[in-house]
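Asker: What follows is a predicted structure for the sequence shown.
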Amino acid sequence: MKGNNYIIQLDGLRFFAVLMVMIAHWMQWQWTNPIVVNFPFGHGVTLFFVLSGFLITRILLTNRDNSFKTNTSKKHLIKNFYIRRFLRIFPIYYLLIFFLFAIDYKNTREFFPWLVSYSSNIYQSIHNVYVGDFNHFWSLAVEEQFYLFWPFLILFIKPNKIFISIIITIIIAIGFKIYLFLFVGKWMATSYFTLSCMHALGLGALLAFIVLYKRKFAEALAKPIWLYLGVLLYIAMLFIQYQYKLKWYKDIADEIIFALLSVLIILRASNNGFKWGVKYILENKFVSYSGKISYGLYVYHVFIPTLFFFIAPRIGIIITNKYTYFIGFYFLTFLVAHYSWVVIEKPISKLKSKAPYLK
């Protein structure tokens with residue numbers, strides 16, 4: 001990993017992260033097997049968080065180091081960071097929100113102030129309620145709030161304090177989750193509030209620091225044995241939780257351990273890469289392209305069943321099998337996300353060249 005080079009296997013991981021979320025939203029609730037029903041497919045969001053913390057922090061650290069060589073001010077780096085993030089995130093999000101507001105889609109107008117301010121996660125943390133088809137936007141709110149303060153921490157703190165600052169952030173986040181679980185009792189606050197998610201984003205940031213500045217340790221940690229042990233540990237803990245119904249593990253430890261496993265997976269993919277069959281899958285053209293448009297897949301996917309049930313009977317499609325529904329939902333989501341990428345996101349992303357210091 002040199003500079004901000006593109007890593008194809010990370011797009012493969014994005015595909016599987018969004019696929020896990022789709023399974024959780026579209027299909028998991030229809031199964032009857034207790035093991036499958038309780039499998040944490042929703043942790044696709046955790047994988048996204050760790051990956052985001054890794055990539056964003058790697059960008060910030062790399063460009064901070066380069067700024068010393070180019071004599072670029074930190075103010076300029078901050079400005080360019082926000083330009084690039086906003087161009088990537090805002091367009092399709094706000095186009096969708098305003099379109100749904102215009103057609104008075106379900107409860108859009110009720111939650112409109114929270115949606116336009118990227119604060120739906122705060123509303124849910126306070127009230128501990130679902131917000132319909134906008135429920136998945138809590139994670140986008142977390143990401144946006146993360147962007148508001150993280151660049152300042154990474155770019156303005158003293159270089160020799162960055163490592164300990166990331167560690168402290170992770171510890172505070174875990175402590176905060178435990179506090180909410182024990183004394184507040186609102187599971188959405190435990191999972192959806194920004195500080196509650198900082199352990200995953202922070203672990204990704206820690207990985208970026210290690211990869212950039214602790215190269216030998218990163219290479220040692222990237223050896224397959226650690227990933228194999230991580231997978232076995234996670235599966236073993238899932239089995240124990242299922243057998244003994246450990247609520248504290250399910251609500252607190254499970255997500256933290258999965259975030260640690262995600263670190264090992266991302267490190268493997270970004271260091272020397274997965275090999276053999278896994279490499280073929282992650283670098284498959286369809287998988288990698290789906291990862292490239294994963295933001296659109298994630299934004300649109302919860303609204304797709306409504307669109308599908310509107311279109312299907314009008315063109316003579318009759319489906320009775322839940323797995324066929326899943327394929328239909330994914331195909332339609334892929335089409336919407338593809339054209340969103342081609343028509344909206346990709347052209348707008350070209351404007352990012354005006355922010356040359358952040359790739």
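Answerer: That came through, no problem.
Asker: Over to L77. Which of the three states is it?
Answerer: helix (DSSP: H, G, I helix; E, B strand; the rest coil).
Asker: Touching, it and R64? I think so.
Answerer: Yes. If you go by Cβ atoms under 8 Å, L77 and R64 touch, sitting 6.9 Å apart. Quick note: C-beta positions are derived from backbone N, CA and C, even for glycine.
Asker: who touches both of these two?
Answerer: Here L77 and R64 share the contacting residues L155, scored by Cβ atoms under 8 Å, 6 or more residues apart in numbering.
Asker: The two - which one has more neighbours?
Answerer: Neighbours were counted for L77 and for R64 using other Cβ atoms under 10 Å; L77 has more, 22 against 19.
Asker: how close does the more buried one get to K216?
Answerer: Per Cβ to Cβ, to the nearest Å, L77 is found 28 Å from K216.
Asker: Could I get the buried residue list for the one helix or strand T169 maps to?
Answerer: Assigned by DSSP states H and E, T169 falls within helix 162-179. Residues I162, S165, I166, T169, I170, A173, I174, F176, K177, I178 are the ones in helix 162-179 that count as buried (16 or more other Cβ atoms under 10 Å).
Asker: Identify the farthest-apart pair in those.
Answerer: The span of the buried residues of helix 162-179, defined through Cβ to Cβ, is set by I162 and I178 at 25.2 Å.
Asker: Any idea which residue is closest to the centre of this protein?
Answerer: Centroid-nearest residue in the chain: F48, 2.3 Å away (criterion: Cα atoms, centre = their mean).
Asker: Verify the contact between it and L19 for me.
Answerer: No. Applying Cβ under 8 Å as the test, F48 and L19 come out as separate, 11.7 Å apart.
Asker: The residue nearest to E219 when sequence neighbours are not counted - how many residues pack around it?
Answerer: Leaving aside its sequence neighbours, E219 sits nearest to N271 (Cβ to Cβ, 6 or more residues apart in numbering; 6.7 Å). With neighbours defined by other Cβ under 10 Å, the count for N271 comes to 18.
Asker: next one: L155
Answerer: Using other Cβ under 10 Å, L155 is surrounded by 18 other residues.
Asker: Please give the element, helix or strand, for it.
Answerer: helix 137-156.
Asker: Counting by contacts, list what that helix packs against.
Answerer: On a contact count with 3 or more Cβ pairs under 8 Å, 6 or more residues apart in numbering; DSSP states H and E, helix 137-156 meets helix 44-70, helix 74-102, helix 120-127, helix 162-179, helix 187-192, helix 194-213.
Asker: highest average neighbour count across the ones you listed?
Answerer: Highest mean neighbour count among the helices and strands packed on helix 137-156 (mean count of other Cβ atoms under 10 Å): helix 194-213, with a mean of 24.
Asker: Could I get the CA-only coordinates of it as CSV?
Answerer: Extracted as CSV, the C-alpha positions of helix 194-213 are listed here (Å, rounded to 0.1, in the frame of the first residue of the first chain):
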residue,chain,number,x,y,z
THR,A,194,-22.0,7.8,17.2
LEU,A,195,-19.8,7.3,20.2
SER,A,196,-21.2,3.8,20.5
CYS,A,197,-19.8,3.1,17.0
MET,A,198,-16.4,4.6,17.5
HIS,A,199,-14.8,1.4,18.6
ALA,A,200,-15.3,0.0,15.1
LEU,A,201,-14.3,3.3,13.3
GLY,A,202,-11.4,3.6,15.8
LEU,A,203,-10.2,0.0,15.2
GLY,A,204,-10.1,0.8,11.5
ALA,A,205,-8.1,4.0,12.3
LEU,A,206,-5.7,2.0,14.4
LEU,A,207,-5.2,-0.4,11.5
ALA,A,208,-4.3,2.5,9.2
PHE,A,209,-1.8,3.8,11.7
ILE,A,210,-0.2,0.3,12.1
VAL,A,211,-0.1,-0.2,8.3
LEU,A,212,1.6,3.1,7.7
TYR,A,213,4.0,3.4,10.6
